[in-house]
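A.B. asks: coordinates only, no sequence provided:
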C-alpha cells in the first residue's frame, strides 16, 4: 500500500516555514501545482483547514500549528533513525549549503573549509557569503552563521563564540583628526556607516561615569558590506565599530588603533549557527556543526 504521509508532512512543513506555495516548491525542487495539490489532499484527508490563504501568503490555522509540531517530530524521528546508520566519516555524504556574513566568511570560515573537506571526503560544500539575512527555506540553506543578537524564530541555534565590536581607526585618520578621548568626540571625526537596511548598527552604545551614552554614527561613506567597510577603515576613510575577529589582528599589525576602550559596553552578542529544526539530524549537517563548535571553542583572535 502506498503511503505518502511523510511526503505530505515535508511539503506542509516547507509551506508553513517559507510562507507560501511557490517558495516551498523552490525549496523542495518540485512544481508549485504539486505543492498545492499535496496540501489540498492533506487537508481533505485530515478534515481540517491547515492554512489561511491570502494575497500576502499563507499562515497557519490553530490546527495547522498543532499539526506542524507533529510533522517536525515525525521528520526528526526519520532523520534520527537514518543518522544512526551514518556515524563514520566515510558515511557522512551529500551536499551542504552554508551561508555566512561576507567578512566572517572570508576571514574565518573559508580558511577552515579545507580541513573539514579532508575530514569528510564525501561531503560537498556550497558556500554562500552575503551580509543579507538569507531565508533558509527559500535559499535552500542548511546552516547559516549569524552575528549579533538573534531574533525570535522557529530556527534552532548553537552559539559558536562571543562577539565583541571594537571602535577602531587608522593611524592616518587619527593624525588628521586627533584621538577621541570621549564618545562625544566621535562627532568631530568621519565615521563609516551601514546602509539603511542595517541602520541599527550605526547606533554605538558606550558606558560613561555619568551613565549610558548612545552615539549615532554619521559620515559621507555608507556601505552594505562589512569587509568593504573594514578596508575603507584601514585606508583612513573613517572610524568603524568593527568585529573583533577583524579588529584585533589589524590592531596587532599596527594597521588600526583601538579607541575609547575605557567606555566599551559589553552586550553579550555572539556568532551563532542557525539551522532548520527538521534538518538537525542530517549527518553532514551534524558533522559540520560539530566541526564549527570544536573550532570556535577558543577563538584564536
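C.D. replies: Ah, there it is. Since the model is a prediction, treat every value here as computed from it, not as a measurement.
A.B. asks: CA atoms for contacts and neighbours, from now on please.
C.D. replies: OK.
A.B. asks: host element of residue 59?
C.D. replies: strand 57-60 (DSSP states H and E).
A.B. asks: buried residues in that strand?
C.D. replies: 58, 59, 60 (16 or more other C-alpha atoms under 10 Å).
A.B. asks: likewise for stretch 269-279?
C.D. replies: Neighbour-count burial for stretch 269-279 [16+ other C-alpha under 10 Å]: 269, 270, 271, 272, 273, 274, 275, 276, 278, 279.
A.B. asks: which helices and strands sit right next to the strand or helix carrying the fourth one?
C.D. replies: Secondary structure assignment for residue 272, by DSSP H and E: strand 270-275. In terms of contacts (3 or more C-alpha pairs under 8 Å, 6 or more residues apart in numbering; DSSP states H and E), strand 270-275 is packed against strand 143-148, strand 156-162.
A.B. asks: between whichever helix or strand comes after that strand and strand 270-275, how big is the angle?
C.D. replies: Proceeding N to C from strand 270-275, the next assigned helix or strand is helix 283-295, under DSSP H and E. Between helix 283-295 and strand 270-275, the angle comes out at 170 degrees (axes from the mean of the first three to the mean of the last three C-alpha atoms, to 10 degrees).
A.B. asks: what comes up buried for helix 283-295?
C.D. replies: 283, 284, 285, 287, 288, 289, 291, 292, 293.
A.B. asks: so who does the last one touch?
C.D. replies: So the one you mean is residue 293. 159, 160 (C-alpha atoms under 8 Å, 6 or more residues apart in numbering).
A.B. asks: separation between it and residue 185?
C.D. replies: According to C-alpha to C-alpha, to the nearest Å, residue 293 and residue 185 sit 39 Å apart.
A.B. asks: next one: the first one
C.D. replies: Residue 283 sits 52 Å away from residue 185, taking C-alpha to C-alpha as the criterion.
A.B. asks: what does the second one give?
C.D. replies: Residue 284 sits 50 Å away from residue 185, going by C-alpha to C-alpha.
A.B. asks: the residue nearest to residue 135 when sequence neighbours are not counted: what secondary structure?
C.D. replies: Of all residues not flanking residue 135 in the chain, residue 141 sits nearest, at 7.5 Å (C-alpha to C-alpha, 6 or more residues apart in numbering). Classification of residue 141 using DSSP: H, G, I helix; E, B strand; the rest coil returns coil.
A.B. asks: who touches residue 141 in this structure?
C.D. replies: Here residue 141 is in contact with 96, 97, 98, 99, 134, 135 (C-alpha under 8 Å, 6+ apart).
A.B. asks: give me that answer again for 7 Å
C.D. replies: 97, 98, 99 (C-alpha atoms under 7 Å, 6 or more residues apart in numbering).
A.B. asks: whichever helix or strand the first one is part of vs strand 270-275, what angle?
C.D. replies: So the one you mean is residue 97. Take DSSP H and E as the rule and residue 97 turns out to sit in strand 94-100. Interaxial angle of strand 94-100 relative to strand 270-275 (the same axes, to 10 degrees): 150 degrees.
A.B. asks: who touches whichever helix or strand comes after strand 94-100?
C.D. replies: Downstream of strand 94-100, the first helix or strand assigned by DSSP H and E is helix 102-104. Here helix 102-104 makes contact (C-alpha under 7 Å, 6+ apart) with 129, 130, 131, 226, 227.
A.B. asks: now do stretch 269-285
C.D. replies: With C-alpha under 7 Å, 6+ apart, stretch 269-285 has contacts from 72, 75-76, 79-80, 83, 86, 92-94, 96, 123, 142-149, 155-164, 286.
A.B. asks: now do that stretch: distance from first to last residue.
C.D. replies: Stretch 269-285: ends 24 Å apart by C-alpha to C-alpha.
A.B. asks: endpoints of stretch 157-170, how far apart?
C.D. replies: Terminal residues of stretch 157-170 lie 35 Å apart, using C-alpha to C-alpha.
A.B. asks: please work out the average pLDDT along stretch 136-155.
C.D. replies: If you average the pLDDT over stretch 136-155, you get 79.
A.B. asks: now do stretch 14-32
C.D. replies: Averaging pLDDT along stretch 14-32 yields 81.
A.B. asks: one step back: may I see the buried residues of helix 283-295 organised as a markdown table, with pLDDT and distance to residue 248 added?
C.D. replies: Listed next are the buried residues of helix 283-295 as a markdown table, based on pLDDT from 0 to 100; distance: C-alpha to C-alpha, whole Å:
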| residue | pLDDT | distance to residue 248 |
| --- | --- | --- |
| 283 | 86 | 35 |
| 284 | 89 | 32 |
| 285 | 90 | 30 |
| 287 | 92 | 29 |
| 288 | 94 | 26 |
| 289 | 93 | 25 |
| 291 | 94 | 24 |
| 292 | 95 | 21 |
| 293 | 92 | 21 |
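A.B. asks: many thanks, I have nothing further to ask.
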